[in-house]
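> here is a sequence together with a model predicted from it:
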Amino acid sequence: MKFLRVAACALIFAPFSFAVNKDLLALQRELDARLDTMQQNQQQLSSKLDVLTGMLNTIAGETQHTADQVAGMQDALRTTVANSLGPVNNLGTKVESTSEDVRSLRDALADLGARLERIDAKVTDLKNQMQIMQSPPPAPGAQGTTGPPGGAMSSTTVPVQGGAAAPSGPPAGVSAAQLFTDARRDQQTGNTPLAMQEYQQYLTYFPNTEYAASAQFYLGEIAYNQSDFRGAIQSFDAVLERYPQNPRTRDAAYMKGVALAKNGQRTQAVQELRALIQKYPGSEQARKAQVALADRSLFPSAATARRRQE
């Protein structure tokens, strides 16, 4: 009886058991298929990861190579720049050394000029002494001489035709070097009356020395600074006439032009300055003359005409 019940239950549940097994089999096959797909995907992903890793390794290698090349180029550039700056640094040192040499040369030239001035003055003194020795002054009371009352004659005069006295040499103890030096010192310290007297004495006793033109020029400079423009023009003109080849000639031409303008003789001033520019083009005095011609304080009418043209 109990067997029949079991058998009946088995018969009743048999279709359900078969259906469950069938579903389980289908589910198992689906799981297996999905596992296969996952394995394939994993294999593909691993392959792609391998490819990507290889690419990354290649990029890293190329980056390192590029970095090495950049470092090498930087080193080469530093070396090139250092090699290029080396001569420049040496050039700076050479320029400084050359500047020192130029300053030393300038000082040496100044010292040489002073020595030449002293030598020139000494030569002039020697010539004057030789002239006095060769032509001694006549005895007091000699016929045809003139002098102070009592028949005495100064050591600085000699008889000339017509009875006029002319200077024959400087007084005893007066030298060209000392006289010129004293005149320059007195001018620079503001004692212009004494400086003018000493310059005039220098021109009287030493008119043919190298610094005679400078003495004449400084007389004009003193007159110019005292606003005696007419006297300044005369002194600068004397430099141009008596010492045309002296280095002071250009300065005298420029100062004469400016003095003419200051004295109201602007037409003559323009002519003088333009002649200077034409005769000594490119010189410092020519440049100063061009500046003076454009100075409104010297040539106001020219400045007005220039504004009208503009």
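That came through, no problem. Numbering: from 1, shown residues only.
> now the helices for the stretch 151-300 of the chain?
For the stretch 151-300 of the chain, helices defined by DSSP state H, counting those that start in this stretch occupy the ranges 176-188, 192-205, 212-225, 229-242, 248-262, 266-279, 284-293, 300-309.
> can you redo these as a markdown table, where the extra columns are mean pLDDT and mean neighbour count?
Using the backbone N, CA and C atoms, a C-beta is placed for each residue, glycine as well. What follows is the helices of the stretch 151-300 of the chain, written out as a markdown table (pLDDT from 0 to 100; neighbours: other CB atoms under 10 Å):
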| stretch | mean pLDDT | mean neighbour count |
| --- | --- | --- |
| helix 176-188 | 94 | 19 |
| helix 192-205 | 95 | 18 |
| helix 212-225 | 96 | 22 |
| helix 229-242 | 95 | 19 |
| helix 248-262 | 95 | 23 |
| helix 266-279 | 94 | 17 |
| helix 284-293 | 94 | 17 |
| helix 300-309 | 58 | 10 |
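> could those helices be laid out in CSV, adding distance to Gln40?
Output for these, formatted as CSV (distance: least, CB to CB, whole Å):
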stretch, distance to Gln40
helix 176-188, 111
helix 192-205, 118
helix 212-225, 112
helix 229-242, 114
helix 248-262, 105
helix 266-279, 101
helix 284-293, 96
helix 300-309, 97
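> between those, which gets nearest to Asp23?
helix 300-309 (115.5 Å; CB to CB).
> if we can go back for a sec, nearest to Thr79, of the helices of the stretch 151-300 of the chain?
helix 284-293 (47.0 Å).
> the closest one packs against which elements?
helix 248-262, helix 266-279 (3 or more CB pairs under 8 Å, 6 or more residues apart in numbering; DSSP states H and E).
> ok, which of those comes nearest Glu96?
Distance to Glu96, taken as CB to CB, is lowest for helix 248-262 among the helices and strands packed on helix 284-293, at 32.6 Å.
> other residues contacting the closest one?
Outside of helix 248-262, the residues within contact range by CB atoms under 8 Å, 6 or more residues apart in numbering are 213-214, 216-217, 220-221, 224, 227, 229, 232-233, 236-237, 239-240, 243, 266, 268-270, 272-273, 275-276, 279-280, 283, 285, 288-289, 292, 298-299.
> quick one, grab the pLDDT at Thr66.
Reported pLDDT at Thr66 in the predicted model: 84.
> out of the helices of the stretch 151-300 of the chain, flag the one nearest Asp101.
Of the helices of the stretch 151-300 of the chain, nearest to Asp101 by CB to CB is helix 284-293, at 23.0 Å.
> pull the number of nearby residues for Phe35.
Quick fix: residue 35 is Leu, not Phe. A total of 10 residues lie near Leu35 under the criterion other CB atoms under 10 Å.
> could you report the pLDDT at it?
88.
> that one and Lys22, how far apart?
Distance from Leu35 to Lys22, counting by CB to CB, to the nearest Å: 20 Å.
> before we move on, what about Phe299?
Taking CB to CB, one finds Phe299 at 128 Å from Lys22.
> who has more neighbours, these two?
Neighbour tally, Phe299 and Lys22, criterion other CB under 10 Å: the higher count belongs to Phe299, 19 against 10.
> quick one: residues contacting the residue lying closest to that one once chain neighbours are set aside.
Using CB to CB, 6 or more residues apart in numbering and skipping the chain neighbours, the partner closest in space to Phe299 is Arg266 (5.9 Å). For Arg266, the contacting residues are Leu260, Leu298, Phe299, Ser301, by CB under 8 Å, 6+ apart.
> got phi/psi on Val70?
The phi and psi torsions at Val70 (degrees, to the nearest 10) take the values phi -60, psi -40.
> per-residue pLDDT of it, please?
81.
> ditto for the one 10 residues further on
Thr80 carries a pLDDT score of 82 in this model.
> and what of the one 5 residues further on?
In this model, Leu85 is scored at 71, pLDDT.
> now Glu62
We have a pLDDT of 86 for Glu62.
> can you count the residues close to it?
Glu62 has 10 neighbours, counted by other CB under 10 Å.
> how much space between it and Thr181?
Using CB to CB, Glu62 is found at 85 Å from Thr181.
> again with Ser214
12 Å.
> do the same with Leu276
30 Å.
> could you do Lys256 as well?
Plainly put, Lys256 is 26 Å away from Thr181 if you go by CB to CB.
> then Arg287?
In this view, Arg287 and Thr181 are 31 Å apart by CB to CB.
> can I get the helices and strands packed on helix 284-293 in a markdown table with distance to Asp68?
Formatted as a markdown table, these follow (distance: least, CB to CB, whole Å):
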| stretch | distance to Asp68 |
| --- | --- |
| helix 248-262 | 69 |
| helix 266-279 | 67 |
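> ok, which of those comes nearest Leu194?
helix 248-262 (21.7 Å).
> what's the angle from the closest one to helix 284-293?
Here helix 248-262 runs at 10 degrees with respect to helix 284-293, directions being taken by axes from the mean of the first three to the mean of the last three CA atoms, to 10 degrees.
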